[in-house]
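> below are the sequence and a predicted model; questions follow.
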Amino acid sequence: MKVGVVQQTCWEDKQKSLAESERLINELAEQGVELILLQELHATQYFCQTEDLQYFDLAEPLQGPTTQKLSELAKKHQCVIVGSIFEKRMAGVFHNTAVVLEKDGSLAGCYRKMHIPDDPGFYEKFYFTPGDAQRTDLKNQNAFQPIKTSVGNLGVLVCWDQWYPEAARLMALAGADILLYPTAIGWDQDDTIDEQQRQLNAWTTIQKSHAVANHLPVLVANRIGHENDPSGQTKGSLFWGNSFICGPQGEILANANDKECVALVAEIEYQRTEYLRQIWPFLRDRRIDAYSPIVNRVNLRNNNEE
C-alpha cells in the first residue's frame with residue numbers, strides 16, 4: 001500500500017494553510033496514495049508558544065470547517081486522510097484532536113492527545129484537556145484504541161505521545177496495523193548545533209524504536225520552518241521538519257529532511273508484521289505477570305524510601 005506524509009509551512013490564515021495542505025494532498029493522490037497523514041495543528045500556526053485567551057477562538061467542533069474540508073478531499077481522491085484540529089468539545093473543554101476521514105468522506109474516528117506538554121514555547125496545558133477513552137463499552141476504558149478504516153487499523157497518536165512506549169504498545173496490543181504521529185516539534189535556537197542534532201536524533205530514534213518493538217510501520221508528520229512568537233518575548237519556534245516513514249524494523253523508507261512543503265511517499269506491507277512477530281516474538285515473551293509496577297508514578301523501594 002502506498003502511504004503519504006505532508007510536511008508544510010503554516011500561516012495564521014486557516015484558508016491559506018488548508019490550501020497548502022490541499023495542494024500537497026492532491027500531489028499525493030496523483031501518485032496513488034491510499035493513506036495520508038498531515039502534521040499537528042496544520043490549519044494554523046502553532047499558537048501554543050504563548051498563553052493567550054484569544055487563541056481559543058481558533059477552536060472548532062469535531063466536524064467543523066477543517067474536518068469538512070478534509071472530508072471533501074478524502075472523498076474526491078478516495079483515500080483515507082488523518083488530519084489535526086484544535087477541537088472545542090464543549091464550553092471550557094478543548095482538545096488537540098486527530099481526525100480520521102474515510103475514503104467516502106465519513107468521519108471514521110478521532111483521537112484526542114493524551115500526553116500534554118507544558119514547557120517554554122509549548123504551553124499546551126493552557127489550551128488542551130487530555131484525551132479520554134473513545135468508547136464507553138471497553139472494559140478497561142483504553143484510550144489508546146486504533147481507528148478502523150478501509151486501509152487498516154490506524155494507531156493514531158499525537159506529538160508528545162511519541163515519547164511514550166506505553167502508548168505505542170497499547171495501540172499494538174489493541175490491534176493497530178500502523179502507528180501515525182502528527183507532530184509539532186522544533187529547536188531552542190539558543191542551543192548549540194550539537195545539542196540540536198542530539199535532540200533530532202533522539203526524536204527519530206524513539207519513534208523508530210516503537211516500530212521495532214511492535215513490528216509496525218510508522219508515519220511521522222512534523223511542522224517545518226520558523227514561526228514568530230506572538231508575544232515578541234522569544235525568538236519564536238524553529239520547527240525541524242524531518243518527517244519520515246519507516247518500516248516495522250525501523251528502516252527509513254522516506255525522509256523529508258528540512259525541506260519545506262513536501263509530499264512524502266513510501267510503500268508499506270502489513271503482512272511483514274506477522275512474519276516479524278514469528279521470528280522475533282516480543283509479544284509472546286512479555287512478562288505481563290511482572291509489569292504491574294509500571295502503573296505506579298514512582299517505585300522507590302530500592303532506595304529505602306516508603
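Received the coordinates, thanks.

> can you give me the strands for the stretch 151-300 of the chain?
Listed in chain order, the strands of the stretch 151-300 of the chain (DSSP state E, counting those that start in this stretch) span 152-156, 178-183, 186-187, 218-222, 224-227, 237-240, 244-246, 252-255, 262-267.

> make JSON lines out of those and add distance to residue 284, mean pLDDT and mean neighbour count.
C-beta coordinates here come from the backbone N, C-alpha and C atoms, glycine included. Output for these, formatted as JSON lines (distance: least, Cβ to Cβ, whole Å; pLDDT from 0 to 100; neighbours: other Cβ atoms under 10 Å):
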{"stretch": "strand 152-156", "distance to residue 284": "20", "mean pLDDT": "98", "mean neighbour count": "23"}
{"stretch": "strand 178-183", "distance to residue 284": "20", "mean pLDDT": "98", "mean neighbour count": "28"}
{"stretch": "strand 186-187", "distance to residue 284": "39", "mean pLDDT": "94", "mean neighbour count": "20"}
{"stretch": "strand 218-222", "distance to residue 284": "22", "mean pLDDT": "98", "mean neighbour count": "28"}
{"stretch": "strand 224-227", "distance to residue 284": "40", "mean pLDDT": "95", "mean neighbour count": "19"}
{"stretch": "strand 237-240", "distance to residue 284": "37", "mean pLDDT": "94", "mean neighbour count": "22"}
{"stretch": "strand 244-246", "distance to residue 284": "23", "mean pLDDT": "98", "mean neighbour count": "25"}
{"stretch": "strand 252-255", "distance to residue 284": "27", "mean pLDDT": "98", "mean neighbour count": "16"}
{"stretch": "strand 262-267", "distance to residue 284": "28", "mean pLDDT": "97", "mean neighbour count": "20"}
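
> now those as TSV including distance to residue 195?
Shown next, in TSV, are the strands of the stretch 151-300 of the chain (distance: least, Cβ to Cβ, whole Å):
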stretch	distance to residue 195
strand 152-156	30
strand 178-183	19
strand 186-187	9
strand 218-222	18
strand 224-227	18
strand 237-240	12
strand 244-246	21
strand 252-255	21
strand 262-267	25
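
> for residue 18, phi and psi?
phi -70, psi -30 (degrees, to the nearest 10).

> that one contacts residue 66, correct?
Yes. Counting by Cβ atoms under 8 Å, residue 66 is a contact partner of residue 18 at 6.7 Å.

> okay, and the common contacts of the two?
By Cβ atoms under 8 Å, 6 or more residues apart in numbering, residue 18 and residue 66 have these common neighbours: residue 43.

> who's the spatially closest residue to residue 125 that is not a sequence neighbour bridged to?
Excluding the flanking residues, the one nearest residue 125 by Cβ to Cβ, 6 or more residues apart in numbering is residue 118, at 4.1 Å. Note on residue 118: beta-bridge partners by DSSP bridges are residue 123.
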